[in-house]
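*Asks:* Quick one, fold the following:
(one chain, ligands or ions: 1)
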Amino acid sequence: MIEHDRLYIGGELVAPAGAGTIDVINPFTEEVAGRVPEATEEDVDKAVAAARHAFDHTDWSQRPVVERAEILSRASALIQARMDELTQLISTEMGSPSAWGMFGQVLAPSMILDYYAGLGADYAVEETRAGMFGPVVVRKEAMGVVGAIIPWNVPLFEAVMKVGPAVVAGCTVVLKPAPETPLDAYVFAGIMEEAGLPKGVLSVLPAGREVGEYLVTHPLVDKVTFTGSTAAGMKIGAACGALLRPCTLELGGKSAAIILDDADVATVVPQLMDAGVMNNGQACVAQTRILASREKYAEVLDAVTEAVAALVVGDPLDPATQIGPLVAQRQRERVLGLIDQGKNEGARVTTGGGRPDFDKGWFVDPTVFGDVDNKMTIAQEEIFGPVLSVIPYVDEADAVAIANDSPYGLSGSVWSGDAAHATELAKQVRTGTITVNHFGMAFGAPFGGYKNSGLGRELGPEGVDAFMEKKALSLDPAAG
Ligand code: NAD
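*Replies:* Now for the predicted structure:
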């Protein structure tokens, strides 16, 4: 069992203000795997004050961008050096299969830090344009103190999605990990410190929703960046709106994989396993609606069913495991409830549909639904479990209409033997990202959602711009 009795505030491990603690429960063993202090509002005040001081009274935001970017490079190397330990730790916290987690939970975060380090190496903060009376310098200036709130499903990944670009920009950060996954955040804080992050630039406060709300509305915070559910994102967006505080919101998804008739089903379906049920289906970008034409419907449904039925379910630390337990008992009950709703609304379970016969662990059977109408709850709501819906379409226009008939707009994919045609179709899907004949994220491109999937973008230069104010500095016309 891993125990911390201090909070990481402003670069020091300090005694928490309150006596509350958070137990981290291993979703496979259902036993307590760790314990950390629960941060309180008083701790938020301290962390924000430290961040404020580092921003206002040290040279942090004025340092050359390249100097800050080098910290990210070193942090990436330190993450890679601790790959096995971090993979195991995150699997223990939230049940991610370690075979996937090694890449998705640990290597990907180090790659994101490398991306931002590279971007920071030649990120221009000033540009001169012609003004009406003389030159005007357009400057990007760090926004200031950032309140960053992240979910449990890919905790280290989300930490670097916030802290990486904030460091390039020259901001300071108070990071609130989800109460389910605070342990890896301690490791991350240690790594950032070892990589050379100055004191005050980062604090880590494990806590729940109320303390999160306090951080969002704290008077000394300049910018909020949040990843999590759409319901929480709407509340946070409203709170920021009332304060006219800039916020970036990365929220839920219900993405569609459109399989065109000329796609090779045998090639596509194995890739859909990763796209659809990676991380036990607990991924915002999961392609959980699989769209097939009426002509190819039976072939696609059979292939998806067979592939899902063959997934190895078990101990997340066993390298053979493809599907581990869900993060929490409440999440298992929620997913099982949605599966029941699918059955009640007339969808047909072709594999799974219940719980595997294990004596412990918050498992749900990897499940496929056939005969799904896109209006059904299972096709509209984000399930966040290993549950796929195969939906028939009449023609390609219908496929696009079904893909777009969603409150969400995060991700998607189009699969076809004709890549150019698939690309044209992809342009009609109203989502922030979409891939053709593969599934994956491009760290150099903006990532974010249309509609209820969010506001603003992370990754790419856009990810750094989200932490920068833009100032127009008009020079003395006579000086030039
Ligand atoms: P959640 O919204 O319940 O919690 C996320 C984080 O926000 C946690 O740290 C939580 O303590 C905090 N929080 C909750 N309500 C808050 C409030 N009102 N004010 C301040 N903080 C608050 O989500 P979750 O269950 O932890 O995560 C799953 C969700 O995250 C899914 O909907 C998933 O799609 C989404 N997600 C989105 C992305 C993306 O980039 N779009 C990535 C990963 C996960």
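*Asks:* Next, give phi and psi for the residue lying closest to Ser293 once chain neighbours are set aside.
*Replies:* What sits nearest to Ser293 in space, not counting adjacent residues and going by Cβ to Cβ, 6 or more residues apart in numbering, is Asp261, at 5.3 Å. Just so you know, the C-beta spots here come from the backbone N, C-alpha and C atoms, and that holds for glycine as well. Backbone geometry at Asp261, expressed as degrees, to the nearest 10, gives phi -60, psi -30.
*Asks:* Please list the residues of this structure that sit near the ligand.
*Replies:* 149-154, 176, 178, 208-209, 212-213, 216, 227-229, 232, 235-236, 250-253, 284, 382, 384, 410, 449, 454 (Cβ under 6 Å from any ligand atom).
*Asks:* change it to 5 Å
*Replies:* 149, 151-152, 178, 209, 212-213, 227-229, 232, 235, 250, 252, 284 (Cβ under 5 Å from any ligand atom).
*Asks:* So which of those are in strands?
*Replies:* Ile149, Thr227, Glu250 (DSSP state E).
*Asks:* Okay, now the unreliable bits of the stretch 201-350 of the chain?
*Replies:* Within the stretch 201-350 of the chain, not a single segment meets pLDDT under 70.
*Asks:* Could you pull out the strands in the stretch 301-450 of the chain for me?
*Replies:* For the stretch 301-450 of the chain, the strands defined by DSSP state E, counting those that start in this stretch cover 348-351, 367-370, 387-393, 408-409, 412-415, 435-436, 450-451.
*Asks:* name the helices or strands packed onto the helix or strand following the last one?
*Replies:* Same thing as strand 450-451. Using DSSP states H and E, the helix or strand that follows strand 450-451 in sequence is strand 454-455. For strand 454-455, the elements it packs on are helix 230-243, strand 247-250, judged by 3 or more Cβ pairs under 8 Å, 6 or more residues apart in numbering; DSSP states H and E.
*Asks:* try 10 Å this time
*Replies:* Applying 3 or more Cβ pairs under 10 Å, 6 or more residues apart in numbering; DSSP states H and E, one finds that strand 454-455 makes contact with strand 223-227, helix 230-243, strand 247-250.
*Asks:* what is the rounded mean pLDDT of the following helix or strand past that strand?
*Replies:* With elements assigned by DSSP H and E, the helix or strand that comes after strand 454-455 is helix 460-465. Here helix 460-465 scores 98 as its mean pLDDT.
*Asks:* can you list the residues that contact helix 460-465?
*Replies:* Under the criterion Cβ atoms under 10 Å, 6 or more residues apart in numbering, residues 65, 112, 115-116, 119-120, 123-125, 140, 142, 161-162, 164-171, 225, 248, 442-448, 456-458 lie in contact with helix 460-465.
*Asks:* what's the answer for stretch 62-70, then?
*Replies:* So stretch 62-70 is in contact with 59-61, 71, 113, 116-125, 140-142, 164, 166-171, 195-198, 201, 464, going by Cβ under 10 Å, 6+ apart.
*Asks:* Out of these, which end up buried?
*Replies:* 60-61, 71, 113, 116-117, 119-120, 123, 140-142, 164, 166-171, 195, 197-198, 201, 464 (16 or more other Cβ atoms under 10 Å).
*Asks:* May I have the phi/psi pair for the most centrally placed residue in the chain?
*Replies:* Geometric centre of the chain, nearest residue: Glu158, 5.1 Å, by Cα atoms, centre = their mean. Backbone torsions for Glu158, taken as degrees, to the nearest 10, come to phi -70, psi -30.
*Asks:* And the nearest residue to it once chain neighbours are set aside, how far from Ala419?
*Replies:* Leaving aside its sequence neighbours, Glu158 sits nearest to Ile150 (Cβ to Cβ, 6+ apart; 3.8 Å). Remark: distance between Ile150 and Ala419 (Cβ to Cβ, to the nearest Å) = 35 Å.
*Asks:* who's more crowded, the two?
*Replies:* Ranked by neighbour count (other Cβ atoms under 10 Å), Ile150 and Ala419 place Ile150 first, with 27 against 13.
*Asks:* Now do the same contact list for the more buried one.
*Replies:* Counting by Cβ under 10 Å, 6+ apart, Ile150 touches 156-163, 175-178, 181, 185, 212, 225-228, 250.
*Asks:* Let me know the pLDDT of it.
*Replies:* At Ile150, the model reports a pLDDT of 98.
*Asks:* Which phi and psi values does it adopt?
*Replies:* Dihedral angles (degrees, to the nearest 10) for Ile150: phi -130, psi 160.
*Asks:* same question, Pro109
*Replies:* phi -60, psi -40.
*Asks:* Contacts only, for it.
*Replies:* Pro109 touches 75-76, 79-80, 86, 90, 154-161, 164, 184, 188, counting by Cβ under 10 Å, 6+ apart.
*Asks:* what do you get for Phe358?
*Replies:* Listed by Cβ under 10 Å, 6+ apart, the contact set of Phe358 reads Phe28, Val313, Gly314, Asp315, Pro325.
*Asks:* surely the third one meets Gln322?
*Replies:* Put plainly, it is Gly314. Yes - counting by Cβ atoms under 10 Å, Gly314 touches Gln322, with 8.6 Å between them.
*Asks:* For these two, indicate the residue with more neighbours.
*Replies:* Between Gly314 and Gln322, Gln322 has the larger neighbour count (other Cβ under 10 Å), namely 22 against 18.
*Asks:* Could you check how far that one is from Leu459?
*Replies:* In terms of Cβ to Cβ, Gln322 sits 27 Å off from Leu459.
*Asks:* before we move on, the earlier item: how about the residue nearest to the centre of the chain, what does it touch?
*Replies:* Glu158 is in contact with 109, 148-152, 175, 177-178, 181, 185, 225-228, 250, 284, 458, counting by Cβ under 10 Å, 6+ apart.
*Asks:* What's opposite Leu175 in the beta bridge?
*Replies:* Counting by DSSP bridges, Leu175 forms beta bridges with Ala148, Val204.
*Asks:* Local confidence estimate at it?
*Replies:* Reading off the model, Leu175 has pLDDT 99.
*Asks:* so it touches Lys162, yeah?
*Replies:* Yes - Leu175 is within contact range of Lys162, at 6.6 Å (criterion: Cβ under 10 Å).
*Asks:* can you list residues touching both of those two?
*Replies:* Val146, Gly147, Ala148, Ile149, Ile150, Thr225.
*Asks:* Find the closest residue to the ligand in the stretch 51-200 of the chain.
*Replies:* The ligand sits closest to Pro151 of the stretch 51-200 of the chain, with a gap of 3.1 Å, by Cβ to the nearest ligand atom.
*Asks:* That residue touches Lys162, doesn't it?
*Replies:* No - contact between Pro151 and Lys162 fails when scored by Cβ under 10 Å: they sit 11.5 Å apart.
*Asks:* okay, these two: which has more neighbours?
*Replies:* A side-by-side neighbour count of Pro151 and Lys162, using other Cβ under 10 Å, places Lys162 first with 26 against 23.
*Asks:* Is that one located within a strand, as I assumed?
*Replies:* No - judged by DSSP: H, G, I helix; E, B strand; the rest coil, Lys162 forms no part of a strand; its state is helix.
*Asks:* what's the spacing between it and His438?
*Replies:* 27 Å.
*Asks:* In what element of secondary structure is Gly34 found?
*Replies:* Secondary structure assignment for Gly34, by DSSP H and E: strand 32-37.
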